[in-house]
Structure formats: structure tokens, C-alpha cells
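Novice: What follows is a protein structure lacking sequence information:
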């Protein structure tokens, strides 16, 4: 739990007296301090005054029902402890960094995202041209490459925003599809585009299926299906992939409906599914295939998928993209380690595989290295180390990765672990 110091007094984030303290501090010009790193410098925070309607307030001539919101200082997100609610992963730890300010912009309240998408949300929208053939050497093309989110980038953005890329020992066995569903739908209420203010209206994720509630569950789907058909807009379906037969897809917890793939995405889908299926035959057996599909409702209530993104996930629902990442996650889970899984947003970024959060105030970025780091990995490692975050290198060929030791957060010696290479 995050705590703050205001006028030499500490407050937990759920302290009933915190709102009044923020109001006093805002009026008196005091600067709250975040206490997420107890043996490092206390991090200054910004108090933003907003009206009850969520609008920024300037001056004092407004009714007394304003909200006082704590926000991190610009450029200091990475300085917070990884467990702090104000933490923001820097470049090299998330593919999101490439899209910030372009495909992903943060609204004034700091809690809503305005997205530019490379796929349509209505029958009138036109999908952006594919940027797959662009080269990194062309600066204008590079800007365009990150100007819109692909569907896979969007899926990873949703999972990261919902904090479904995080794991620690206390979560083992407690993350079910219903938990995933709730967090995803909650997150979608804070996603928007320049045209649509709330993407939750487009979103559907089925509840866990049970025979005794199958009619009710089917009615849930029919409500959004009919609404989307009448308004000629897409459905953003989040679900676990179940099966494909004769070109038709079924999803778990939604067995009553079958979905047809648009012809031009059938081959890319099958190629992606073959790669993911290969990852699912790991030493611990099957995990999950998390999918996000853009569905349109046609005549006669036919359901067509015009775009689909998938990611393999461990039994704990953590996404991964290779067997080396899978082995790293298994080793971390077996040891009960706390971590964030880095998500690449479909751009093949040279980013850390994960950030261990139990190795001190800054955590430790873990890179999977194949003999020698690539030039892109060298740059990513330098960017992370420049932020004061230790780096640990694991040999990609190692059967069971060796991880850096835990560091307690209860003593001044916790400040981090030196970078190293797993033996």
C-alpha cells in the first residue's frame, strides 16, 4: 500500500483523513511526498484540484465539492518503487514507451487513455495501413510505425493497464477467468479514441460458463450482439480461445456462438495459432490462449472476425512469447517471486523479459541473452541502467534460469543488486 507524507505526518492511501490533508496542502502550498522508497529520497508529488465533474479547477471561486488528486511528478514514474501505484515502467521494460504521446496519450486526469487504433471500431471506420514493412532506418516511417496500436498492441496495453502482467506468490491459484474478465472490463471504461469516449460500450468478455446459467450467459451476449448490429459497430471480444473447426472459431465460456474468420486474415491467424500452439506444449502442459477479436454482426446475425490477436499465457494467466520466457516465468513462480512481465506490444522490441519486484526499491530487470546481447539489447540495457535500475542477464539456452536473490525492503542495504550474468 502506498503511503504519503504531508506536513510531517504519514497517511496511507486509504486513510479517511487523506482527502482533507490534500485540500489543506493544496491551499497552503505544501508538497506531499511519496514514501514508497523508505530508504531513498522521498519523492515529491503534485496535487491536482478537480471539480466533482472531473474538470480541472483554476482559482478558488468554485463550490466546495472539489476533488484533490495526487499525481506523480513528470518524468519521475520510474523512480517510484515498482509496487507503488504511481510507478511507470521506463523504456526498455515495456513496449508502451514507444507509443506514449502518439498511439497512447494520457488524458488530463491521468487515468484515461486516448488511443489511436490500427483497426476499425465501426463499419464506417477505415483500418490504418499496415506498417509491417517499415524499416527502423527511416525516421518518418518510424514515427508512423508507432502512430497507431495494432490489435496485439492494444491487447497488451489492456492487460498491462489492468495489471494482469503482474504476479507474486499470493496470487498463485487466485487468478481465474472471472478475475481476468472483471479487470479487463474495468480497464476498458478508461479507454477512449478521438471519436468514441468510452470503449467499454464496445467490449464483451463472457462470464465463466456453467450449465445452470447458460441461458442467462447467452442473453448477455445477445444484448451486445443486437446493439452492435443495430448501430453497425464492432464488438471487442476478449475471451480464451477454445477451438477452430472448418474455419469457424469457438471461445471458452461462449460455446453457443461460432465465429467466421474474414478470408484475408485466415492465413495470418493460422500461422499465429501454430506458433502459439507450439508454445503451449511446454514442460508444465497447457496454459491459456488469450484472444481479442474485432467482431462484426452481419445479416442473419452472422458473426465475422475481421481482426484477431492472441497471446499465450501461463496457468497463472501471464503472457509470454517464447519458450525461454516460459522457463523464466516457471522458475519465478516456483520460487514465489514477485515480478512484472514486460509486454512488447507486437513491435518485437528489445526489452527486458521481466522486472523482479522483490530485489529492492528499484527492482531488477531480467534480460534473456542468446550468447551475446544484440545491439538493440545493449541500448535497452543502457537505458534501464541509466534510470538506476539493476540488470540481470540470463542465458537463453539455460534450462532453468538462475535468478538474483531477493532483497528485503526493511533495511537501507536494499537499494538493489548488481547486474550480473546467471551462471
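Specialist: Received the coordinates, thanks. It should be emphasised that the depicted structure is a prediction, and the values quoted were computed from it without experimental measurement.
Novice: Stretch 231-249: which residues count as buried?
Specialist: In terms of neighbour count (16 or more other CB atoms under 10 Å), stretch 231-249 has its buried residues at 233-241, 244, 249. Every C-beta, even on glycine, is put in place using the N, C-alpha and C of the backbone.
Novice: Let's have those residues in a markdown table, adding distance to residue 207 and pLDDT.
Specialist: Formatted as a markdown table, the buried residues of stretch 231-249 follow (distance: CB to CB, whole Å; pLDDT from 0 to 100):
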| residue | distance to residue 207 | pLDDT |
| --- | --- | --- |
| 233 | 22 | 92 |
| 234 | 21 | 95 |
| 235 | 16 | 96 |
| 236 | 16 | 97 |
| 237 | 13 | 97 |
| 238 | 12 | 98 |
| 239 | 11 | 97 |
| 240 | 12 | 95 |
| 241 | 17 | 94 |
| 244 | 23 | 89 |
| 249 | 19 | 94 |
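Novice: among those, which two are most distant?
Specialist: Taking CB to CB as the measure, the buried residues of stretch 231-249 span a maximum distance of 25.2 Å, between 233 and 244.
Novice: Nearest to residue 342 among the buried residues of stretch 231-249?
Specialist: The nearest member of those to residue 342, counting by CB to CB, is residue 238 at 20.8 Å.
Novice: Strands of the stretch 151-300 of the chain, residue ranges please.
Specialist: 166-167, 191-193, 203-204, 235-245, 248-251, 254-261, 288-297 (DSSP state E, counting those that start in this stretch).
Novice: Run through who's touching the third one.
Specialist: With CB atoms under 8 Å, 6 or more residues apart in numbering as the test, strand 203-204 has contacts from 184-185, 188, 220-221, 224, 235-238.
Novice: for the stretch 251-400 of the chain, what are the low-confidence residue spans?
Specialist: Applying pLDDT under 70 to the stretch 251-400 of the chain picks out residues 282-286, 348.
Novice: just the helices in it please.
Specialist: 263-279, 323-334, 375-386 (DSSP state H, counting those that start in this stretch).
Novice: closest to residue 20 out of the ones you listed?
Specialist: helix 375-386 (39.3 Å).
Novice: Specify the stretch among the strands of the stretch 151-300 of the chain that is closest to residue 74.
Specialist: When those are ranked by proximity to residue 74 (CB to CB), strand 191-193 comes first, at 21.8 Å.
Novice: The nearest residue to residue 231 once chain neighbours are set aside: neighbour count?
Specialist: The shortest distance from residue 231 to any non-neighbouring residue, by CB to CB, 6 or more residues apart in numbering, is to residue 122 (7.7 Å). Residues near residue 122, counting by other CB atoms under 10 Å, number 14.
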